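> Sequence first, predicted coordinates after that:
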Amino acid sequence: MTYIMIDTHVVLWLYVGAIEKMSVTAQQNIETNQLLISPIVLLELQYLFEIKKVLVNSEEIYEYLSAKIGLKIEEKEPWSKIIKKSIKLDWTRDPFDRLITAHSDLLQCNLITKDSLILSNFARAVW
């Protein structure tokens, strides 16, 4: 089984069971790979909860998806390397996108995302 990272909005769609919002390619990748998230996804989820764009905190979302689909947090890459890599990603001003993409790049694994900016600038982005 291959590892694949998923972006924050993909985590939210999985949490609410909105698989139909995803492309066929994204669905196939979700079904056939071990899903990983960067720890920064948890921070972004919590931020969305705190500004009331999401009704459930990041811990609840993660615990649910971990139990239901085996979602794992990737914790082996040192943050100093992730940040150093993200500094070079000057095609976006979004710090979450920079860190998630850099983390995926360091792991040399694909990133499932619907974000058009990531898709057009990161060769390992799939949708």
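Yes, it's here.
> Now do Met1, the pLDDT please.
As predicted, Met1 sits at a pLDDT of 72.
> now the one 3 residues further on
Model confidence at Ile4, expressed as pLDDT, equals 98.
> try the one 10 residues further on
Here the pLDDT value assigned to Leu14 is 98.
> starting at the chain centroid, how far to the helix or strand containing Met5?
Element membership for Met5 (DSSP states H and E) is strand 2-6. Remark: strand 2-6 is offset 9 Å from the chain centroid, using CA atoms, centre = their mean, to the nearest Å.
> now for that strand, which elements pack on it?
Packing partners of strand 2-6 (3 or more CB pairs under 8 Å, 6 or more residues apart in numbering; DSSP states H and E): helix 24-32, strand 33-37, helix 95-107, strand 111-112. (C-beta placed from N, C-alpha, C; glycine too.)
> Let me know which of these is the nearest to Lys84.
The closest of the helices and strands packed on strand 2-6 to Lys84 is helix 95-107. By CB to CB, the value is 8.2 Å.
> Let me see the contact set for Asn121.
Leu89, Trp91, Thr92 (CB atoms under 8 Å, 6 or more residues apart in numbering).
> Out of those, which end up buried?
Leu89, Thr92 (16 or more other CB atoms under 10 Å).
> Among the contacts of Asn121, which ones are in helices?
The members of these all map outside helices under DSSP state H.
> residues of the strand holding Met5 that come out buried?
Using 16+ other CB under 10 Å as the test for burial, strand 2-6 gives Ile4, Met5, Ile6.
> could you dump those to CSV with distance to Ile118?
Below are the buried residues of strand 2-6 laid out as CSV (distance: CB to CB, whole Å):
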residue, distance to Ile118
Ile4, 14
Met5, 11
Ile6, 12
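> Going by distance to Val41, which of those wins?
Ile6 (7.8 Å).
> tell me which residues form a beta bridge with the closest one?
Bridge pairing for Ile6 (DSSP bridges) gives the partners Ile112.
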